[in-house]
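Colleague: sequence and computational prediction follow.
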Amino acid sequence: MNPQQLLKDMFDAAIASAQPERCIPHFMPKPSEIGSGRFIVIGAGKASAAMAHTVEQNWSGTIEGLVVTRYGYAVPCQSIEIIEASHPVPDEAGLVAAQRIFDLVSDLTEDDTVLCLISGGGSSLLPMPLPGLTLEDKQSLNRELLKSGATIGEMNAVRRHLSGIKGGRLAAACHPARVITLLLSDVPGDDPINIASGPTVPDPTSCHDALDIIQRYGISLPDPVMHVLTSGQGESVKPNDPRLSNASFHMIATPMMALQAAAQVAQASDIKAHILSDMIEGEASEVGKVLAGIALNVAKHNLPFETPCVILSGGETTVTLKGDGRGGRNVECLLSFAITARSHPAIYALMGDTDGVDGVEEIAGAIIGPDTLTRAFNEGIRPLPHLDNNDGHGFFQALGLSVVTGPTLTNVNDFRAILIVSKA
């Protein structure tokens, strides 16, 4: 067994399990279920173009639509227009795309059907500010949220109350048409309101909740933004709103499904796989320490799992930026893990983002083995300063340990696999 190859094979299996061509066909409506009106496909997210392509490949009738995806994630379609925009900080292309999508569905009838394709990244790719706000306000908001240490649920609660399209507003615009949303989850707990900030599902949170989050993390925002929240003008579409009575959603791929696919790869190599959780959140460096403690206990005591084994987990950690490094929650978690694991001879690990982008880098994550820290010290690379500077990418790139996938055309969040090969 090649430990590092096994880890890479597991990561590949996790990504493959969430590919749209494997997930979408089962959930698509049948032509006989569509009314006499238009069939419109809209969507946003890192996987939305691949999702749209799959819809086209599995649809025989007339189809039209528009989706927005991240730069570099476009997939050619015949009838559905694909627009690329910026992530994680929105840009003008995203603003134009959001307005065009909103306009496309704003004059429909009860005979029309809208298929909405939503995946992770949609929050930044649909930057449609409420009246009185600007794209610059949204950009400032995103930058502040990303460096605040807030969880994805907290960030999206704020975004929903400053958006003209999120928090159920897109589905409300489609009324009275039928709306079917296919969701590819990238959030802990798979709450649909947090996937791309829930453009087609009702929002149970309030402007007051958003203000509490801003105050909790000491986030400084422009006066117009604060006015929208304090005045209640940013209130979103709530549960039981009649405009959402003809809207439904299906969860087509989740982080747990990806972890289960990885577990099957390990088990095929006679390695027991244990899924710790698909909902781990918190500071990436602290999560790394805890996971290392568990791995060391397994290696030393065969508890709580017997070796050889793989420990799998997912979720979405956060990085509170303190240094001037390039961030990346998976590489930060892995570097902290490596430092705490102290080059144990039985421990290997891979941590990466299933969308192929960890932070703002076109790098999915990294992989380590028992010799990683020794190699670093021999080459004069000190791990602790890199961790303190939020520069996990710099550390692993210098050692040639980065995991680069390119655009994966999907996104089911963080993937962490820890392989303990024997009891010390």
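Modeller: Here it is on my side, so go on. Residues are numbered from 1 along each chain as shown.
Colleague: what number of residues lie near S36?
Modeller: 7 (other CB atoms under 10 Å). Glycine gets a C-beta too; all of them are placed from N, C-alpha and C.
Colleague: per-residue confidence at T318?
Modeller: pLDDT for T318: 89.
Colleague: mind listing the strands for this protein?
Modeller: Per DSSP state E, the chain has strands spanning 39-44, 64-70, 80-85, 113-119, 178-184, 247-253, 272-280, 309-315, 347-353, 365-368, 402-403, 414-420. These are given in chain order.
Colleague: columns distance to Q19 on top of those, output as JSON lines?
Modeller: Below are the strands of the chain laid out as JSON lines (distance: least, CB to CB, whole Å):
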{"stretch": "strand 39-44", "distance to Q19": "16"}
{"stretch": "strand 64-70", "distance to Q19": "15"}
{"stretch": "strand 80-85", "distance to Q19": "17"}
{"stretch": "strand 113-119", "distance to Q19": "12"}
{"stretch": "strand 178-184", "distance to Q19": "10"}
{"stretch": "strand 247-253", "distance to Q19": "8"}
{"stretch": "strand 272-280", "distance to Q19": "18"}
{"stretch": "strand 309-315", "distance to Q19": "17"}
{"stretch": "strand 347-353", "distance to Q19": "16"}
{"stretch": "strand 365-368", "distance to Q19": "19"}
{"stretch": "strand 402-403", "distance to Q19": "18"}
{"stretch": "strand 414-420", "distance to Q19": "15"}
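Colleague: TSV for the ones you listed, including mean neighbour count?
Modeller: Converted to TSV, the strands of the chain look like this (neighbours: other CB atoms under 10 Å):
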stretch	mean neighbour count
strand 39-44	27
strand 64-70	26
strand 80-85	21
strand 113-119	28
strand 178-184	25
strand 247-253	19
strand 272-280	18
strand 309-315	23
strand 347-353	28
strand 365-368	28
strand 402-403	22
strand 414-420	27
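Colleague: make a markdown table out of those and add mean pLDDT and distance to Q260.
Modeller: Formatted as a markdown table, the strands of the chain follow (pLDDT from 0 to 100; distance: least, CB to CB, whole Å):
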| stretch | mean pLDDT | distance to Q260 |
| --- | --- | --- |
| strand 39-44 | 98 | 25 |
| strand 64-70 | 97 | 26 |
| strand 80-85 | 98 | 31 |
| strand 113-119 | 97 | 19 |
| strand 178-184 | 97 | 16 |
| strand 247-253 | 97 | 11 |
| strand 272-280 | 97 | 7 |
| strand 309-315 | 97 | 9 |
| strand 347-353 | 98 | 17 |
| strand 365-368 | 98 | 20 |
| strand 402-403 | 98 | 21 |
| strand 414-420 | 98 | 12 |
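Colleague: of all these, which lies closest to C23?
Modeller: strand 247-253 (4.2 Å; CB to CB).
Colleague: angle of the closest one against strand 178-184?
Modeller: If you take axes from the mean of the first three to the mean of the last three CA atoms, to 10 degrees, strand 247-253 sits at 20 degrees to strand 178-184.
Colleague: report the buried residues of the one helix or strand in the chain whose mean pLDDT sits lowest.
Modeller: Sorting the helices and strands of the chain by mean pLDDT, DSSP states H and E puts helix 135-146 at the bottom, at a mean of 89. Of all the residues in helix 135-146, those buried under the rule 16 or more other CB atoms under 10 Å are 135, 137-142, 144-146.
Colleague: neighbouring contacts of that helix?
Modeller: Helix 135-146 has contacts (CB atoms under 8 Å, 6 or more residues apart in numbering) with 88-92, 95, 124, 127, 129, 155, 158-159, 162, 219-222, 224-225.
Colleague: closest to L229 out of the strands of the chain?
Modeller: Of all the strands of the chain, strand 39-44 comes closest under CB to CB, at 23.3 Å.
Colleague: okay, the angle between the closest one and strand 178-184?
Modeller: 40 degrees.
Colleague: so what does strand 39-44 touch, helix or strand wise?
Modeller: helix 48-57, strand 64-70, helix 92-104, strand 113-119, helix 122-125 (3 or more CB pairs under 8 Å, 6 or more residues apart in numbering; DSSP states H and E).
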